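**Student:** just coords:
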């Protein structure tokens, strides 16, 4: 029952922007299963900005990737073989698995994807890690109140699209910041954002001021850098800054200097709080259940940007930093079979 | 019952460090009292770093001072005359009053200083605004737990001295940052700080690393700037940064650039929160009562730096930015009479 298996290895800890040479596709065969193990065929593989931090060789909030071992990330897959009584061949599962055609995983590290979740890829996006990131960050840290102004950067991304829609559900005025006219149109016309600013077009400072006549009560920050510098100028008394991502910084060889924001936080009695979704592991079911309900009611919509073929995973990952995705960026590795 | 009265007026909104020309001493006479008014003779006048923000002409968390009107600040004084039945001649009161020999104030804006509080100047320091700032900032925002490492900058100041002592009461390891050997000795030998770093001597980064072998759980920041940049490198997962003052920035004509801290807050799931003590107005009695109890038990000690004479108020104020004070900086304007 061994299979030919292609796996992506990390060849270096890149300085600055990774290149295709940072990744190497290695052909191996899957080992025989031991008791308790499951052979999972990758259907969808998730690429996410946070993975850049794991390529630095330094422990941040998560252990770094190891050189010459397969990279790992969120995967939705299908059970090909099982020596764990809890999993049957053909079942759809999710877990932190390899950038590969197949992963041999302990059944303890796999979760079943509920049958009602269609497409199954939603388990990696709106109903998975990015959706829960939006849910807990906005609601637990942001504590949005009806009528408040919520600004979200990286608004067209997997997290940002959900943040904006939940903020609308909570009665807030939602201002998104995204790059390019297609994303702007999608967020405003399909997702119902009140205002969307194209940071690539025109003067961001002016556009923000015009879009936020009553200032900014909550800033959900996926990007950092100079975009955040501009938003920080407009925060209100008791503002909450939710630090979810700083994608502008991830590929810098040397940290950029910028305005110090502590003075602004001080005079506004404002709070900035960083988090990672795993801080909420013990409440994950709450998040997924509520998101599932909103999906069922049509209150949450989502889009995916899907790259075909495992061999294109590095391209998909690097595309995140060029803003090539609207909604969740995924790699489709194989088809769901027999369903 | 009119009195010759000297009042300090603001002559300009200074750019950069104020000078003695920023202030003008004007001789007037006190007006006749109207119903409900009280004539207060200044005994002690408080000068505080936050007042610099009020000299900018811009509203921050508090209205700016007005040109050609008396400056105001915390005052402990004695009632000279009263048309408010709640106040008798000779009583010791506190309020936000003029930089002047006398203020005519509405009785509604005055508080009686409890008779047990000796010296009465404590109502401006350890048992007043700076003490409550330390109390609420550390306990409400910082939520210190036994065994955690608390770093406080501006440690020898009116707020910092109280922060460190309350952190010790709560069982924390306390590391102070202050300037000069006298302050270091006072904080370590008299107030019981575990470690005190003289930021003017030697390498701050090395000294901080040595003083915080387990990292920093709480940083109570009174100064900002490059000192805070160094502390931020050492924060732990779930650290709390309490933004109380940014004295390093107050006299800058143009904000300095510095490292962006949002990335560090993100990877550490850490929080930075600004505040002003008036956010806790409805809990002030709790703070003052607890501080009074600790004073009575000998668990809180305090020191004051007292400048004599109203005419030296600008010097005392400017001395704050040269680090000339240990503990609360006060101006003594007159003696308590008849007690």
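**Tutor:** Sure, I can see it. These figures come from a predicted structure and were not determined experimentally. Numbering: from 1, shown residues only, chains lettered A, B, ... in the order given.
**Student:** up against chain B, what does chain A have?
**Tutor:** By Cβ under 8 Å from any Cβ of the partner chain, the residues of chain A that approach chain B are A:53, A:60-61, A:221, A:224-225, A:228, A:237, A:241, A:243-246, A:249, A:255-263, A:265-276, A:279. Every residue, glycine included, has its C-beta placed from N, CA and C.
**Student:** what helix or strand is the residue nearest to the spatial centre of chain A located in?
**Tutor:** Centre of chain A computed as the mean C-alpha position; nearest residue by Cα atoms, centre = their mean is residue A:130, 4.2 Å away. Assigning secondary structure by DSSP states H and E places residue A:130 in helix A:129-136.
**Student:** and that helix, how far out from the chain middle?
**Tutor:** 8 Å (Cα atoms, centre = their mean, to the nearest Å).
**Student:** hmm, back to that, in helices only, show me the residues of chain A next to chain B.
**Tutor:** Applying DSSP state H to the residues of chain A next to chain B, the entries found in helices are A:53, A:225, A:228, A:262, A:263, A:265, A:266, A:267.
**Student:** please spell out the ChimeraX selection for the buried subset of the residues of chain A next to chain B.
**Tutor:** Those of the residues of chain A next to chain B that count as buried under 16 or more other Cβ atoms under 10 Å in any protein chain shown are selected in ChimeraX with:
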select /A:53,60,61,221,224,225,228,241,243,244,245,246,249,258,259,260,261,262,263,265,266,267,268,269,270,271,272,273,274,275,276,279
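**Student:** name the nearest residue to the residue of the stretch 1-150 of chain A found nearest chain B, sequence neighbours excluded.
**Tutor:** Closest contact between the stretch 1-150 of chain A and chain B, by Cβ to the nearest Cβ, is at residue A:60 (4.2 Å). Distances taken as Cβ to Cβ, 6 or more residues apart in numbering or on different chains place residue B:267 nearest to residue A:60, at 4.2 Å, with adjacent residues excluded.
**Student:** ok, now which ones touch the one you found?
**Tutor:** Shown in contact with residue B:267 (Cβ atoms under 8 Å, 6 or more residues apart in numbering or on different chains): A:53, A:60, A:61, A:274.
**Student:** and residue A:239, what helix or strand is that in?
**Tutor:** Secondary structure (DSSP H and E) places residue A:239 in strand A:235-243.
**Student:** same check, this time on residue A:165
**Tutor:** When elements are assigned from DSSP H and E, residue A:165 belongs to helix A:158-169.
**Student:** model confidence over that helix, on average?
**Tutor:** What helix A:158-169 shows for mean pLDDT is 98.
**Student:** I'd like the next helix or strand past it.
**Tutor:** Helix A:158-169 is succeeded, C-terminally, by strand A:173-178 (DSSP H and E).
**Student:** so which residues of the stretch 201-339 of chain A form strands?
**Tutor:** Here the stretch 201-339 of chain A has its strands, by DSSP state E, counting those that start in this stretch, at A:216-221, A:235-243, A:257-259, A:271-274, A:304-308, A:328-332.
**Student:** then the stretch 51-200 of chain A?
**Tutor:** A:72-82, A:92-98, A:102-106, A:111-112, A:149-153, A:173-178, A:195-198.
**Student:** phi and psi next, for the residue lying closest to residue A:147 once chain neighbours are set aside.
**Tutor:** Spatial nearest neighbour of residue A:147, excluding adjacent residues (Cβ to Cβ, 6+ apart): residue A:171 at 6.5 Å. Phi and psi for residue A:171, reported as degrees, to the nearest 10, are phi 90, psi 20.
**Student:** okay, domains of chain A per the record?
**Tutor:** Chain A breaks down into these domains under automatic domain parsing: A:4-125+A:302-332, A:129-279+A:289-293.
**Student:** out of those, the one nearest residue B:305 is which?
**Tutor:** domain A:129-279+A:289-293 (24.1 Å; Cβ to Cβ).
**Student:** for the stretch 1-150 of chain A, which spans come out with low pLDDT?
**Tutor:** Along the stretch 1-150 of chain A, segments meeting pLDDT under 70 span A:1.
**Student:** quick one: the helices in it?
**Tutor:** Taking DSSP state H, counting those that start in this stretch to define them, one finds helices in the stretch 1-150 of chain A at A:51-54, A:129-136.
**Student:** check which helices and strands the shortest one is in contact with.
**Tutor:** Going back to what we said before, that points to helix A:51-54. Where contact means 3 or more Cβ pairs under 8 Å, 6 or more residues apart in numbering or on different chains; DSSP states H and E, helix A:51-54 is not packed against any helix or strand.
**Student:** pull the residues that contact that helix.
**Tutor:** A:18, A:60-65, A:71, A:73, A:247, A:250-251, A:317, A:321, B:267.
**Student:** ok, now with 6 Å
**Tutor:** A:60, A:64, A:65, A:250 (Cβ atoms under 6 Å, 6 or more residues apart in numbering or on different chains).
**Student:** quick one: which of those residues is most hemmed in?
**Tutor:** residue A:250 (22 neighbours; other Cβ atoms under 10 Å in any protein chain shown).
**Student:** residue B:267 versus that residue, what's the distance?
**Tutor:** For residue A:250, the distance to residue B:267 equals 11 Å [Cβ to Cβ, to the nearest Å].
**Student:** residue A:268 too?
**Tutor:** Remark: distance between residue A:268 and residue B:267 (Cβ to Cβ) = 24 Å.
**Student:** same question, residue A:66
**Tutor:** Look at residue A:66 and residue B:267: by Cβ to Cβ, they are 19 Å apart.
**Student:** got it, and residue A:155?
**Tutor:** 22 Å.
**Student:** do residue A:332 as well
**Tutor:** From residue A:332 to residue B:267 the distance is 31 Å (Cβ to Cβ).
**Student:** same check on residue A:29?
**Tutor:** Relative to residue B:267, residue A:29 is positioned 37 Å away (Cβ to Cβ).
**Student:** before we move on, what about residue A:311?
**Tutor:** Separation of residue A:311 from residue B:267 (Cβ to Cβ): 31 Å.
**Student:** swap in residue A:320?
**Tutor:** On the measure of Cβ to Cβ, residue A:320 and residue B:267 end up 18 Å apart.
**Student:** equivalent analysis for residue A:72, please.
**Tutor:** As for residue A:72, its distance to residue B:267 is 19 Å (criterion: Cβ to Cβ).
**Student:** residue A:336 too?
**Tutor:** 36 Å.
**Student:** what's the answer for residue A:30, then?
**Tutor:** With distances taken as Cβ to Cβ, residue A:30 is found 34 Å from residue B:267.
**Student:** same thing with residue A:7?
**Tutor:** On the measure of Cβ to Cβ, residue A:7 and residue B:267 end up 27 Å apart.
**Student:** which one is residue A:288 nearest to, not counting chain neighbours?
**Tutor:** residue A:127 (5.9 Å).
**Student:** the one you found and residue A:291 touch, don't they?
**Tutor:** Yes - with contact defined as Cβ atoms under 6 Å, residue A:127 reaches residue A:291; the gap is 5.4 Å.
**Student:** neighbour count winner among those two?
**Tutor:** Taking neighbours as other Cβ under 10 Å, residue A:127 and residue A:291 compare with residue A:127 leading, 26 against 23.
**Student:** give the contact list for the more buried one.
**Tutor:** Taking Cβ under 6 Å, 6+ apart, we find residue A:127 in contact with A:117, A:288, A:291.
**Student:** roughly how far does the second one sit from chain B?
**Tutor:** Using Cβ to the nearest Cβ, to the nearest Å, one obtains 21 Å as the distance from residue A:288 to chain B.
**Student:** can you give me the neighbour number for that residue?
**Tutor:** Neighbour count for residue A:288, taken as other Cβ under 10 Å: 18.
**Student:** can you pull the pLDDT of it?
**Tutor:** 91.
**Student:** how near is it to residue A:94?
**Tutor:** Taken as Cβ to Cβ, the span from residue A:288 to residue A:94 is 11 Å.
**Student:** what's the answer for the first one, then?
**Tutor:** From residue A:117 across to residue A:94, the span is 10 Å (Cβ to Cβ).
**Student:** likewise residue A:235?
**Tutor:** 37 Å.
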